[in-house]
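Asker: next input, structure requested:
(chains A and B)
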There are 2 protein chains.
Amino acid sequence: MTSATSLFSPVEADLRVLTENLKQLVSARHPILFAAAEHLFGATGKRVRPAIVLLISRATMQELDITPRHRRLAEITEMIHTASLVHDDVVDESEVRRGIPTVHSSFGNRVAVLAGDFLFAQSSWYLANLDNLAVVKLLSEVIMDLAEGEIQQGLNRFDTDFSIEAYLEKSYYKTASLIANSSKAAGLLSEVSEELAEDLYSYGRHIGLAFQIVDDILDFTGSTEALGKPAASDLKSGNLTAPVLFALEEKPYLEALIEREFSQAGDIEQALAYIKESTGIDRSRELAAHHAQLAVQHITKLPPSEPRQTLINLADYVLSRLY
Amino acid sequence: MTSATSLFSPVEADLRVLTENLKQLVSARHPILFAAAEHLFGATGKRVRPAIVLLISRATMQELDITPRHRRLAEITEMIHTASLVHDDVVDESEVRRGIPTVHSSFGNRVAVLAGDFLFAQSSWYLANLDNLAVVKLLSEVIMDLAEGEIQQGLNRFDTDFSIEAYLEKSYYKTASLIANSSKAAGLLSEVSEELAEDLYSYGRHIGLAFQIVDDILDFTGSTEALGKPAASDLKSGNLTAPVLFALEEKPYLEALIEREFSQAGDIEQALAYIKESTGIDRSRELAAHHAQLAVQHITKLPPSEPRQTLINLADYVLSRLY
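Answerer: Residues are numbered from 1 along each chain as shown, chains lettered A, B, ... in the order given. You can find the predicted model right below:
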C-alpha cells in the first residue's frame, strides 16, 4: 500500500509550505491557540484536502507555476476542515482522533469552541481576501453544508429508516462538498472553462464520497490502533453508515438492536456479528469503487501531466486503504 | 426614558419584517433549530444592530426605498450577533441572558455549538450572495473580530494590569466592530462616497463603544431583574470593565481582591463597595458620553431626515439607559 505522503509527491514541497503557513497563521497572535495549532496542524494529518486543491491547481496551470491564491485556497480548505473537526468533536463528545486526544478533551469545551470559531472566522476572512466572489460563494456553501451535515447526522441517530440515498446526501454535506467545491474553486483560480470547472467539481464530489464510504467501512474492519479512534465508534453512537444500512436489508433483527440503542449487554457484539455475516461490507466496497471510478471519468479531459496522474492514482489509493 | 421600540419608529415596520424573516430563515429546515430560533429571535431582543443598519440604509437612500440587499444585510448583522452570543454563552458558561435561559443551558452544549455554527454558516452564505465583495470583506472582518474579542476577554480575566486602552480595544472587537462595519456596509450598498462611508464606520464604532461602556456600567448599577442576568456577573467572572479599571487607580486594595479571584468570603461585596465609593462609575459615564458625542459628530454630513434624526437620538438613548 502506497503511503499518502509518497502518493502526493508532485505537491510534497507545496504541502510542507502549507503546513508551516497554517501553524503560523493560526498561532501567531495567541498563545491560547498555539497549543491547539500544534495539535491540529501537527504531523498526523494526511492533508488530503489541500493536496487535492494543489494537484488540481498544478494540473490546470500546466507549465505555469501556481499562484499565491491557489496556495491560500489550499490553506483555507484545511482550516475549514479543521474547524469543523474541532466543533464536531465537541458535539459528538469524541475523546480521540487520529490517535491523539481531541482539542475538546485536552483543552476543554471552552478552548475547542473558541479555536473552531477562530479558524472558521479566519478562513472567512482569507476567503474574502482572495478577491474572487465566485470562490467566496463556493466555499461559503461548504461551510453551510458542513453545519447541515452535522445537524442531519444528529437528527438521524439510531434511525433504521435512514436510506442509502440519505446517507450519501449526508456524506456529501459532511465530506464531499468541501472537496468538490474547493476542486472547482482551484479550477476557477486557474481560469478554466465552465465545463471543466463542473468536471472538477464532480471529481471532488465522487472522490469525497468514495473517501467517506471507505472511512465508514474501516470503522468496522480497522483496529482501534489503525483508526486512531475506538473501532465501531460510529455504530455505538448511532451514526448508521453504508455497511449497516446494507446489512439491515438482510438481517431484520439488527433493526431491533439499533432501535433499543444497544442498551442490553452484548447488543453491540451481536450487531457487529450481523454486519460481518452480511454482504454489507462488500456492497459498501462496491459503492466506494463505483464513486472512485466516476471521479476518474471526470478528469479525463485534463491534459496529461504528473499531477493529473496523481489525481487518478488517488482514486486507487482511496480503495487500497481497505486492503 | 424612551423605549427602544418607539425610538426606532422610522424602521419599526422594517424590523417586524426582519424578525419574521430571521425566524423563517433559521428554522425552516430543521426542527432542532426551530426551538432555538424562537428562543433567539423571539420578542426579547432589542434589535439595535439591525435597526442601525436599516436607519443608515434609509438615511442614505433618501426618497428612494431601501433595497432587498439592505434588508438582507440587516438580517445578516443580527444573525452574526446571535451566533456569537450563542457561542459566548457556551464559552462563558452563562445560564441566563435577557432574562431567559441561554441556548446552552436549555438545550445543552451540543445544540448550542451546532446552532451557532449554523448561524455563522448561514450568515456567510447570505453574505457571499449579496454579490458585493467590499461588503463581504467588511463583515468577514467582523467575524474575525468577534472571535478575537472573545479570546482577548478570556486571556485577560482577573488581570489587574489590563488598561483602559486594552479594554476599549477588546470592546471594539466584541461590540463596536459589528456596528461600525455593518454601518459602513449599509452605506456601500447605497453607493455613498468613500468619505461618507468612513464617517458611517466611525458613527458605528463610537456608538458601539458607548453602548458597551453603558452595558458595563449597568452590570454594577442595574438589578438582576432589569439586566436579565445576575448583577455584577462580569466582575465575578474576572471580566474587568471600565468602572473597575478606573476604580483600581483609586483603591489599591481592590487589586488584591481581584488577584485572589474573590476566593475569600465577602471579597465580592468588598470589591463592589470599593467600586461604588470610587469615581469609577462617573468616569465610565463620561467616557460613554464622549463616545456618544463623537458618534453624532460623524453623521452631521448626512442630509436631514427622520432616520438621521433617530441615529442622533440613539446617542442620547444609549446614555439614558443609565438613568
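
Asker: which bits of chain A sit near chain B?
Answerer: By C-beta under 8 Å from any C-beta of the partner chain, the part of chain A that sits against chain B consists of A:29-33, A:87, A:90-91, A:109-110, A:113-114, A:116-118, A:120-122, A:124-125, A:127-129, A:131, A:133, A:136-137, A:140-141, A:143-144, A:146-148, A:150-151, A:154-155. (C-beta placed from N, C-alpha, C; glycine too.)

Asker: 7 Å - rerun?
Answerer: For chain A, the contact set with chain B under C-beta under 7 Å from any C-beta of the partner chain comprises A:30, A:32, A:87, A:90-91, A:109-110, A:113-114, A:117-118, A:120-122, A:124-125, A:128-129, A:131, A:133, A:136-137, A:140-141, A:143-144, A:147, A:150-151, A:154-155.

Asker: which of the residues you listed fall in helices?
Answerer: A:32, A:87, A:90-91, A:109-110, A:113-114, A:117-118, A:120-122, A:124-125, A:128, A:133, A:136-137, A:140-141, A:143-144, A:147, A:150-151, A:154-155 (DSSP state H).

Asker: of the residues you listed, just the buried ones, ChimeraX syntax please.
Answerer: Remark: buried members of those, expressed as a ChimeraX selection using 16 or more other C-beta atoms under 10 Å in any protein chain shown:
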select /A:32,87,90,91,109,110,113,114,117,118,120,121,122,124,125,128,133,136,137,140,141,143,144,147,150,151,154
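
Asker: what pLDDT does the model give the residue of the stretch 151-300 of chain A found nearest chain B?
Answerer: Nearest residue of the stretch 151-300 of chain A to chain B: A:Ile151, at 5.8 Å (C-beta to the nearest C-beta). pLDDT for A:Ile151: 85.

Asker: ok, it touching B:Ala115?
Answerer: No: at 9.1 Å, A:Ile151 and B:Ala115 do not qualify as touching, with contact defined as C-beta atoms under 7 Å.

Asker: from B:Ile258, how far out is A:Asp215?
Answerer: With distances taken as C-beta to C-beta, to the nearest Å, A:Asp215 is found 49 Å from B:Ile258.

Asker: next one: A:Thr82
Answerer: In this view, A:Thr82 and B:Ile258 are 36 Å apart by C-beta to C-beta.

Asker: of the two, which one has the most company?
Answerer: Ranked by neighbour count (other C-beta atoms under 10 Å in any protein chain shown), A:Thr82 and B:Ile258 place A:Thr82 first, with 25 against 20.

Asker: would you tell me what the next helix or strand after the helix or strand containing that one is?
Answerer: Using DSSP states H and E, the element containing A:Thr82 is helix A:68-91. Sequence order places strand A:96-97 as the next helix or strand after helix A:68-91, per DSSP H and E.

Asker: sheet partners, orientation included, of that following strand?
Answerer: Strand A:96-97 has these partner strands in its sheet, going by DSSP bridges: strand A:100-101 (antiparallel).

Asker: what about the strand it pairs with, distance to the chain center?
Answerer: Centroid separation for strand A:100-101 versus its chain: 18 Å, with C-alpha atoms, centre = their mean, to the nearest Å.

Asker: give me the mean pLDDT for that strand.
Answerer: Confidence for strand A:100-101, expressed as mean pLDDT, is 78.

Asker: contact partners of the helix or strand hosting A:Val244?
Answerer: Per DSSP H and E: A:Val244 is located in helix A:242-250. Residues outside helix A:242-250 that contact it (C-beta atoms under 7 Å, 6 or more residues apart in numbering or on different chains): A:160, A:162, A:164, A:167, A:213, A:216-217, A:220, A:235, A:254-255, A:274-275, A:278-281, A:283-284, A:287.

Asker: how far away is the closest residue to A:Phe8 other than its chain neighbours from A:Glu148?
Answerer: Leaving aside its sequence neighbours, A:Phe8 sits nearest to A:Ala51 (C-beta to C-beta, 6 or more residues apart in numbering or on different chains; 4.6 Å). According to C-beta to C-beta, A:Ala51 stands 25 Å off from A:Glu148.

Asker: mind checking which of the two has more residues around it?
Answerer: Legend: neighbour count by other C-beta under 10 Å for A:Ala51 and A:Glu148, higher for A:Ala51 (26 against 21).

Asker: surely that one touches A:Pro10?
Answerer: No: taking contacts as C-beta under 7 Å, A:Ala51 lies outside contact range of A:Pro10: 9.3 Å.

Asker: quick one: contacts for A:Ala180?
Answerer: Neighbouring residues of A:Ala180 by C-beta under 7 Å, 6+ apart: A:201, A:204-205, A:208.

Asker: most surrounded residue in these?
Answerer: Highest neighbour count within the contacts of A:Ala180, by other C-beta under 10 Å: A:Gly204, with 30 neighbours.

Asker: which residues touch that one?
Answerer: The neighbours of A:Gly204, taking C-beta under 7 Å, 6+ apart as the test, are A:52, A:176, A:179-180, A:182-184.
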